[in-house]
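K.L.:
my questions are about this predicted structure, shown below with the sequence.
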Amino acid sequence: MTHIGRRAFVLTAASAALAPAAPTPGWAQDPLTAWLAAHAVRVRTTDPADEKFSDLLPLAHAIGSARIVQLGEPSHGAGTAFAAKARLMKFLHRRLGFDVLIWESGLYDVALAQKGMEGTDDGVTAARRGIFTLWSAAAEVAPLFAYIKSSQRGPHPLEMAGFDMQVTADGSMERFAQDLRAFVGALPDPALRQQAAQLADQAIAARARLVATKFAAQADLDALIVAVKDLRTLIFGHRTGFDAVQGYIQTGFMDHAIQNMSADAQMRFDAARAPTDAARESRRDDANAANLRWLLDVKYAGRKAVIWAHNAHVMNAYYAPDFHAVHLDAAPGDMKTTGTFLAERYGNSLYTIGMTAFTGEEGFAVGGPASPIAPAPDGSLEARLHGLGLSNAFVDLRAPGRPAIPTARIPKFEANTVADIGRIYDGIFFIDHMNRATRLG
């Protein structure tokens, strides 16, 4: 890992900061545009293959001593954002020592993907064992998977984890059933082993019935919830015995994975009956935040981690029930995001980067039509950065003297007006023209 002194950061940041190149009349009466002209840092490229990181050094100065960085994205079909994040991840690993990448994908599933990275799989094959195909099938992210694979052979490997309570890859639940039976079957006490095995079998069978009925049977969901509750109670009551056999970390991991099995089934059961609502998404983000706290505080305690997710999950704000408006403070019925849970817990140890765009298109890597992104409205953050002639830029919202930024595309491509987006994100990565994600191969 390369270490860079504070003086180099400051000098590089000063040289990279943009001066207003062709200022227009009236800028002196517009403090925000003048501040952006002075502080927006031009990013040379979003190409992950470009490893000349001098243009990204101001990000290191902005992140400072933060141990956790969140990288958002305005859409799961924002290909240019994927590429930018892949390049940022390589920079954060190589230059700043961030050696854990936590995906918005299944806790258990990404553990399988990481095993593939450590084994004989190539990077993409390993990723597809657990990471949503939104990313594992995207050409823009493939260079990052290759980089992660190559790092496993080096002195400073980049390790992957997942924080989502959902099942995110085909076949992972079948593998989990095997691992769960092996987990309880290793107990030396015959009576305890039998009791734990019965509860595990009850949970596995109930979930299998739910899948067979397309999550239509309330009785099977109830049976799963009860079996999971009783199994976790048993683990908690005999934690010392489980730890002695499995180790403290593995027991904690399996406890979270067991809990996620129930939470995922509940969400799928609800989804079969009604469209997504804020209450359901709040439950998901609550469970995801619990997974993240365990990963950050227990499994990877003291290590520097990057969280890869949608803007809507990383933002320190509340999403209105209609999933359009954004509130700095909770209103009745709002979705409480993972980012609000993390901001409450980690404070300045957390640095969150939201991604946004002026115009372009979006579309899933796995297929489907592209959707146009209309130009951002006049007066918005994106329109101001576009007016400065920037193709790609980073803005540190913690920088001193910043005027309030009331209007920006948060968290997707709709312009929202709040008192100040500096309370929602710590930094902004701006892309003038977004391209859709493309399917690998």
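P.N.:
Arrived safely.
K.L.:
relative to residue 42, how far out is the nearest residue to residue 90 once chain neighbours are set aside?
P.N.:
Distance criterion Cβ to Cβ, 6 or more residues apart in numbering; nearest residue to residue 90, sequence neighbours excluded, is residue 147 at 5.7 Å. Using the backbone N, CA and C atoms, a C-beta is placed for each residue, glycine as well. From residue 147 across to residue 42, the span is 24 Å (Cβ to Cβ, to the nearest Å).
K.L.:
higher neighbour count, these two?
P.N.:
residue 147 (20 against 16; other Cβ atoms under 10 Å).
K.L.:
you'd agree that one is in a helix?
P.N.:
Yes. Counting by DSSP: H, G, I helix; E, B strand; the rest coil, residue 147 is part of a helix.
K.L.:
isn't it up against residue 92?
P.N.:
No. The criterion here is Cβ atoms under 8 Å, and residue 147 misses it with residue 92 at 11.7 Å.
K.L.:
coming back round to it: residues contacting the residue nearest to residue 90?
P.N.:
48, 86, 89-90, 123, 158 (Cβ atoms under 8 Å, 6 or more residues apart in numbering).
K.L.:
quick check, nearest of the residues you listed to residue 303?
P.N.:
Closest approach to residue 303 among the contacts of residue 147 (Cβ to Cβ): residue 158, at 11.0 Å.
K.L.:
and the strands in the chain, which stretches?
P.N.:
All strands of the chain, identified by DSSP state E, fall at 41-42, 68-71, 100-106, 159-164, 305-308, 318-319, 326-327, 335-336, 350-362, 371-373, 392-396, 407-409, 415-417, 427-434.
K.L.:
of these, which is nearest residue 56?
P.N.:
Here strand 392-396 is closest among the strands of the chain (Cβ to Cβ), at 7.8 Å.
K.L.:
tell me the strands beside that closest one, with direction?
P.N.:
Paired with strand 392-396 in the same sheet, following DSSP bridges, are strand 41-42 (antiparallel), strand 427-434 (antiparallel).
K.L.:
now, of the ones you listed, which is deepest in the fold?
P.N.:
By mean neighbour count, with neighbours taken as mean count of other Cβ atoms under 10 Å, strand 427-434 ranks first of the strands paired with strand 392-396 at a mean of 23.
K.L.:
I'd like the average pLDDT over stretch 156-168.
P.N.:
Averaging pLDDT along stretch 156-168 gives 98.
K.L.:
please apply the same query to stretch 333-352.
P.N.:
Per-residue scores along stretch 333-352 average to 98.
K.L.:
so what does residue 139 have for phi and psi?
P.N.:
phi -60, psi -30 (degrees, to the nearest 10).
K.L.:
pretty sure it is touching residue 366, no?
P.N.:
No. Applying Cβ under 8 Å as the test, residue 139 and residue 366 come out as separate, 11.7 Å apart.
K.L.:
so what sits against both of these two?
P.N.:
Joint contacts of residue 139 and residue 366 (Cβ under 8 Å, 6+ apart) are residue 439.
K.L.:
picking that back up, a markdown table please, covering the strands of the chain and showing distance to residue 80.
P.N.:
Converted to a markdown table, these look like this (distance: least, Cβ to Cβ, whole Å):
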| stretch | distance to residue 80 |
| --- | --- |
| strand 41-42 | 16 |
| strand 68-71 | 13 |
| strand 100-106 | 18 |
| strand 159-164 | 22 |
| strand 305-308 | 15 |
| strand 318-319 | 24 |
| strand 326-327 | 23 |
| strand 335-336 | 27 |
| strand 350-362 | 7 |
| strand 371-373 | 11 |
| strand 392-396 | 8 |
| strand 407-409 | 14 |
| strand 415-417 | 19 |
| strand 427-434 | 5 |
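K.L.:
nearest to residue 173, of the ones you listed?
P.N.:
Using Cβ to Cβ, these put strand 100-106 closest to residue 173, at 9.6 Å.
K.L.:
just checking, what packs against that closest one?
P.N.:
Other helices and strands packing on strand 100-106, by 3 or more Cβ pairs under 8 Å, 6 or more residues apart in numbering; DSSP states H and E, are strand 159-164, strand 305-308.
K.L.:
if I look at the nearest residue to residue 336 once chain neighbours are set aside, how far off is residue 106?
P.N.:
Distances taken as Cβ to Cβ, 6+ apart put residue 282 closest to residue 336, at 5.0 Å, once the chain neighbours are dropped. Distance of residue 282 to residue 106, computed by Cβ to Cβ: 19 Å.
K.L.:
more neighbours: these two, which one.
P.N.:
residue 106 (28 against 17).
K.L.:
got a list of what that one touches?
P.N.:
Residue 106 touches 130, 162, 164-169, 172, 260, counting by Cβ under 8 Å, 6+ apart.
K.L.:
show me which of the residues you listed is closest to residue 370.
P.N.:
residue 168 (23.8 Å).
K.L.:
next, count neighbours for that closest one.
P.N.:
24.
K.L.:
residue contacts, residue 312?
P.N.:
Contacts of residue 312 by Cβ under 8 Å, 6+ apart are 319, 337, 411-412.
K.L.:
oops, could you answer that again for residue 353 instead?
P.N.:
Residue 353 touches 69-72, 88, 394, 425-429, counting by Cβ under 8 Å, 6+ apart.
K.L.:
for residue 84, same thing?
P.N.:
Neighbours of residue 84 in contact, by Cβ under 8 Å, 6+ apart: 43, 46, 355, 392, 429, 431.
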